[in-house]
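Engineer: Predicted coordinates and the sequence they were generated for:
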Amino acid sequence: MTAVASRAEKKSNFLAGFLLLPRAKREALSAVYAYCRLIDDIVDQPEQPRDEARRRLDFWRGETLRLYQGTPTHAVSRDLLKPVAAYKIPQDAFLEMIRGCAMDLDGARYETVADLESYMRGVASSVGIMCIHIFGWTHTPKDRMYEFATTFGYAFQMTNIIRDVGADLELGRVYLPLSDIRDAGYCVDRLIRRDHGPAFDRLMAIQYQRAKGYYARARSLVDARDRPNLLPAEVMAHIYEGLLDEVKKREFRVLFHQTSLPGYRKLALAFKAWLYCHGL
C-alpha cells in the first residue's frame, strides 16, 4: 500500500473519528482495523520473499471463508465473528482487501486512472464498505452508499499516494498513473531521481485536483439525514483533506518529506466535521 514509515499516523487518522462511537461499534472497528493492518503488513515487508507473502495471503483468503462459515482459526478473525454477524459486513469486502494488497506484490504500475482505481478499490474502498456497515445508514439508497464508501476510499488513498511519493519510492513503488506522468511532461526516471521541477508540480497538481474531486463527489451521494451516523467517516475525511491541502500549501515537497498535521489541527478539523454532519 503506502509507505510503512507513516503507519502510526495513519492509525491515528483511522481511529480519530471513532472515539465517540458506542463501545460495540468501537470494538467492531478495532477488529476490522486489526484485519486490515495484518493484510497490509504482509505485503509491506520488503525483506519477505514474495512467494511467502502470496502464501500468507492465500491463508487469509481461506481464513476469510472460514470466518463466514463460523469456524475461524486465527485470533484476528475470531474477533470479527460478532461484528460480521451484528453489522452484516459483506465477505466480499474482506476478499477485496486481499485482492488489492496482492497487487503490490506484482510490482505493478498503473497506466491509467482506471487501473489505479482498481487498486484503490481493493486497499481502501473495501475498508470503507466494512465501516459503513458498522456506522449504519437509513435514508441513502444502498447503491449510493456503496459508491460513497468507494469514492471516499479513493480520496483517502489518493491523499496517501500524494503525501507518500518519496517514501513509496523507497519500496520501489510508483502509484502515480503513467498517463498522467506523460501528460505532465515528466517521466518515471526523473521521479526515481527525485527531480522536483515544474513538470513534477504539474503532475502533482493533476493528482491534487483528482483527490479533491473524489471528496466532493463522495459527499454529494449521501442523504443529509444520514450524515450524523457517518460522522466518523467525515472526521477522517476532514483530516485527510486537510492533509492534502497542507501538501499543496507546501508546494508538493513530497519527494524527501512526509507532511503531517499537528494534533490541534486534527481536533479543529474533527470539530468542523461535526458541524458539517449536523448541518451547522
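Structural biologist: Received it, and whenever you're ready, just let me know what you need.

Engineer: Distance of the residue nearest the centre of the chain relative to Ala93?
Structural biologist: When C-alpha atoms, centre = their mean is applied to the chain, the residue found nearest the centroid is Ala124 (3.6 Å). Using C-beta to C-beta, to the nearest Å, Ala124 is found at 11 Å from Ala93. Where you see a C-beta, it was placed from the backbone N, CA and C, and this is true even at glycine.

Engineer: following the lowest-mean-pLDDT helix or strand in the chain, which helix or strand comes up?
Structural biologist: One helix or strand of the chain scores below all others by mean pLDDT, DSSP states H and E: helix 7-16, with a mean of 55. The first helix or strand that comes after helix 7-16 along the chain, using DSSP states H and E, is helix 23-43.

Engineer: Now tell me what touches that following helix from outside.
Structural biologist: The contact list for helix 23-43, computed with C-beta atoms under 8 Å, 6 or more residues apart in numbering, reads 1, 11, 14-15, 18-19, 21, 48, 53, 56-57, 60, 76-77, 79-80, 82-83, 86-87, 89, 94, 97-98, 101-102, 104-105, 123, 127, 130-131, 134-135, 232.

Engineer: Of these, just the buried ones, PyMOL syntax please.
Structural biologist: A single PyMOL command suffices to select whichever of these are buried according to 16 or more other C-beta atoms under 10 Å:
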select buried, resi 1+14+15+18+21+53+56+57+60+76+77+79+80+83+87+89+94+97+98+101+102+104+123+127+130+131+134+135+232
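
Engineer: Check what pLDDT Tyr33 gets.
Structural biologist: Looking at Tyr33, its pLDDT is 93.

Engineer: Could you measure from it over to Pro177?
Structural biologist: Applying C-beta to C-beta to Tyr33 and Pro177 gives a distance of 28 Å.

Engineer: same deal with Ala216?
Structural biologist: To Pro177, Ala216 is 20 Å away according to C-beta to C-beta.

Engineer: So if I had to pick from these two, which one is more boxed in?
Structural biologist: Of the pair Ala216 and Pro177, Pro177 is the one with more neighbours under other C-beta atoms under 10 Å, namely 22 against 12.

Engineer: Confirm for me that the more buried one is in contact with Tyr110.
Structural biologist: Yes - assessed by C-beta atoms under 8 Å, Pro177 is found in contact with Tyr110 at 5.2 Å.

Engineer: which neighbours do the two share?
Structural biologist: Contacts common to Pro177 and Tyr110, judged by C-beta under 8 Å, 6+ apart, are Leu116.

Engineer: Identify the residues contacting Asp226.
Structural biologist: Trp137, Thr138, His139, Thr140, Met145.

Engineer: Is the residue nearest to the centre of the chain in contact with Thr159, as I believe?
Structural biologist: No - between Ala124 and Thr159 there is no contact under C-beta under 8 Å: 9.9 Å.

Engineer: how close does the closest residue to Leu171 other than its chain neighbours get to Lys142?
Structural biologist: Of all residues not flanking Leu171 in the chain, Pro46 sits nearest, at 6.1 Å (C-beta to C-beta, 6 or more residues apart in numbering). For Pro46, the distance to Lys142 equals 40 Å [C-beta to C-beta].

Engineer: Over to Asp40?
Structural biologist: 27 Å.

Engineer: Repeat that for Glu170.
Structural biologist: Glu170 is 40 Å from Lys142, by C-beta to C-beta.

Engineer: separation between the residue nearest to the centre of the chain and Pro49?
Structural biologist: 26 Å.

Engineer: what sits up against the strand or helix carrying Ala216?
Structural biologist: Using DSSP H and E, the element containing Ala216 is helix 198-220. Helix 198-220 is touched from outside by 113, 147-148, 151-152, 154-155, 158-159, 161-162, 165, 176, 180-181, 183-186, 190-191, 237, 241, 244, 247-248, 251-252, 254-255, with contacts defined as C-beta under 8 Å, 6+ apart.

Engineer: tell me which element Lys82 falls in.
Structural biologist: Per DSSP H and E: helix 81-87 holds Lys82.

Engineer: other SSEs contacting that helix?
Structural biologist: helix 23-43, helix 50-68, helix 126-135 (3 or more C-beta pairs under 8 Å, 6 or more residues apart in numbering; DSSP states H and E).

Engineer: Please identify the most buried of these.
Structural biologist: Sort those by mean neighbour count, taking mean count of other C-beta atoms under 10 Å, and helix 126-135 sits at the top with a mean of 24.
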